[in-house]
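1. For reference, the sequence and a predicted model appear below.
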Amino acid sequence: MHGVGSRNKLMPSHARYYPGDGVLDVAGRAICEVHCLPRKELHEAFETATRISAFARRGGRVVDLCCGYGLVAQLLLIIDPRFTHAVAVDRRLPKNHVAVHQALLAAFPRLSDRMTFVTSDLHAVSVDHDDTLVSAHACGPLTDAVCSRATEVNAAVSVLPCCHQWRRRDDLRGHPDPASAMDHERAELLRSRGYHVVIDAIGANVTQKNRLLHARPQA
Ligand SMILES: C[S@@+](CC[C@H](N)C(=O)[O-])C[C@H]1O[C@@H](n2cnc3c(N)ncnc32)[C@H](O)[C@@H]1O
C-alpha cells in the first residue's frame, strides 16, 4: 500500500494506517474490514466532505449525485450535524455499497435511518431549494448536469470535477491548463445565475483531479 492516493483496495491489515479516534481513522478501520474500496476514494470523500462542511452556511438534506458508494454524503452526515439526512443516487450502485454503509453504520450509529440509496439517473430524482447537492468525480459533462440540477431549484452545490472533455474544445487547444479553464467557466456560469462561488481544492496527494467548486445562492 502506498500513500493516500493509492488505488489499491483497503483490506483488514491496512487498519494500521487508521489508528486514531478521529472520524477518518474510525471510518478507515471500518472500511478496511469490507475490503472493496480503493484507499484514494476514502480520502477523496473525507477531504471533500470536510471542505463542503467548511463552506456550508446551513444543513438539511444532502443529495449525492453519481454517488458510487455515497461516501461523501455519509461522511458529511457524520462530521456535520447540521446535515440531517441524505439521498445517494447512482444509475448503477456498486455491489458492495450496502456492506460499506453497514460498516460505517456500525462504527457511527448516528448514521442510522439517515441514508437512502436510490438507483436512478441523476435527472430523474427530485431536488429542492433547501437541498445541498454534492458530487465527487462525476465524469465530464455529468458535473455540468449536477450543477444544472442545482440551478433549476436554486440549491447549493459542491462538485469535484474530473474527465474534462477539453479535446472537443477547439478554443482550448494549446491552453496550458484546459481543465482549469473549464472549471473557471463552470464557476462563471454559476455566478451568472446568481451564485456565490468558491474554487477550492482537496489535497493533490490524494488526487490530481482535486479542484472543488462550491456554490450557494446569494442571500
Ligand atoms: C467516477 S464514478 C464516481 C463515484 C463516486 N462519486 C466517487 O467519487 O467515487 C461516476 C459515477 O457516476 C455514475 N453515473 C454515470 N452516469 C450517471 C447518471 N446519468 N446518473 C446517475 N449516475 C450516473 C456511475 O455509475 C458512477 O458510479
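-> Nice, thanks for sending it over. Numbers count the residues shown, from 1 in each chain.

2. For stretch 77-84, which outside residues touch it?
-> 23, 27, 49-50, 53, 56, 58-62, 76, 85-86, 104, 108, 110-111, 114-115, 132 (C-beta atoms under 8 Å, 6 or more residues apart in numbering). In short, each C-beta sits where N, CA and C put it, glycine included.

3. Name all residues that make contact with E33.
-> E33 touches P12, A15, A103, counting by C-beta under 8 Å, 6+ apart.

4. go with 7 Å
-> E33 sits next to P12, A103 when contact means C-beta atoms under 7 Å, 6 or more residues apart in numbering.

5. Go ahead and flag the most central residue of the protein.
-> The C-alpha lying nearest the average C-alpha coordinate of the chain belongs to A136 (C-alpha atoms, centre = their mean; 3.4 Å).

6. And the helix or strand hosting it, what does it pack against?
-> Using DSSP states H and E, A136 maps to strand 132-139. On a contact count with 3 or more C-beta pairs under 7 Å, 6 or more residues apart in numbering; DSSP states H and E, strand 132-139 meets helix 39-55, strand 60-65, helix 71-79, helix 141-153, strand 156-162.

7. Please type out the PyMOL selection for whichever of the contacts of stretch 77-84 turn out to be buried.
-> The buried subset of the contacts of stretch 77-84, as determined by 16 or more other C-beta atoms under 10 Å, is captured in PyMOL by this line:
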select buried, resi 23+27+49+50+53+56+59+60+61+62+76+86+104+108+111+114+115+132
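
8. The contacts of stretch 77-84: which ones sit near the ligand?
-> Taking C-beta under 6 Å from any ligand atom as the test, the ligand is in contact with none of the contacts of stretch 77-84.

9. what about the helices and strands packed on strand 132-139, which gets the closest to E188?
-> Taking C-beta to C-beta, helix 141-153 is the member of these nearest to E188, at 11.7 Å.

10. So the closest one, near the ligand or not?
-> Yes - applying C-beta under 6 Å from any ligand atom, one finds that helix 141-153 is in contact with the ligand at L142.

11. Flag every buried residue along stretch 93-100.
-> Buried residues in stretch 93-100 (16+ other C-beta under 10 Å): L93, H97, A99, V100.
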